[in-house]
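S.K.: Okay, sequence plus prediction incoming.
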Amino acid sequence: MNNDITIDKAISNNSLVSLPDIEKIVSVKINAEAEKVFYFLERIGGENGWFSYDSSQLMKNFEKGKLFLKENFSKINPKGKIDLFHIADFEKNKKLRLIFESAFAIGENSFFILQDKSGRAELINVYRVKLKNFWGRLFWKIQKPFDRRIRNKMLTNIKKLAEQFHS
């Protein structure tokens, strides 16, 4: 699977944020089917999820090198919210697109799952943000050093869980 072609195919002309100031794309290949990957992606965020953007547990768990999957969770409501994000688009086993807006920025955090012929999945995370003002730019400057580490850790954990579940 050619990484550049699959990423372009997944996200081309599909931005929820026009003319973003920030665009980050991270992907990971997973030895599991798309439905196994989505099983864990579906449990993202919120009080019942294993990864939360507004959780005080985020950095504590990140420092331990793992995030825990809670027993009780709420499946994704296609018209609902996950933490500070609204669900903009949702297709089971294929994509979860989230959008947020604040006084400082408007942003998208989307996940796409592609599957090759051998059954191996690729999970792509796309993060786009349009900064509205000085405070948004300041926030990004502070957050930037941590963003890639947290995003990579999140994808790594989804990969580990999906591959364990798969075997």
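M.R.: Looks like it came in fine. Numbering: from 1, shown residues only.
S.K.: I'd like the average pLDDT over the helix or strand harbouring K130.
M.R.: Here K130, judged by DSSP states H and E, is contained in strand 121-131. Strand 121-131 carries an average pLDDT of 92.
S.K.: Show me what secondary structure element comes after that strand.
M.R.: Immediately after strand 121-131, counting by DSSP H and E, sits helix 134-166.
S.K.: by contact count, what packs against that next one?
M.R.: Helix 134-166 sits against strand 22-30, helix 34-41, helix 57-64, strand 105-115, strand 121-131, with contacts defined as 3 or more CB pairs under 8 Å, 6 or more residues apart in numbering; DSSP states H and E. Yep, even glycine has a C-beta here, placed from its N, CA and C like the rest.
S.K.: and the ones you listed, which one's lowest on average pLDDT?
M.R.: The bottom spot among the helices and strands packed on helix 134-166, by mean pLDDT, belongs to helix 57-64, with a mean of 52.
S.K.: before we move on, back to that, within its sheet, name the partner strands of the strand holding K130 and how each one runs.
M.R.: strand 22-30 (antiparallel), strand 105-115 (antiparallel) (DSSP bridges).
S.K.: how about the longest one: buried residues?
M.R.: Read that as strand 105-115. For strand 105-115, a neighbour-count test (16 or more other CB atoms under 10 Å) marks 105-115 as buried.
S.K.: can you redo the residues you listed as JSON lines with distance to K92?
M.R.: As requested, the buried residues of strand 105-115 are exported to JSON lines (distance: CB to CB, whole Å):
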{"residue": "A105", "distance to K92": "29"}
{"residue": "I106", "distance to K92": "26"}
{"residue": "G107", "distance to K92": "24"}
{"residue": "E108", "distance to K92": "19"}
{"residue": "N109", "distance to K92": "18"}
{"residue": "S110", "distance to K92": "15"}
{"residue": "F111", "distance to K92": "12"}
{"residue": "F112", "distance to K92": "13"}
{"residue": "I113", "distance to K92": "10"}
{"residue": "L114", "distance to K92": "14"}
{"residue": "Q115", "distance to K92": "13"}
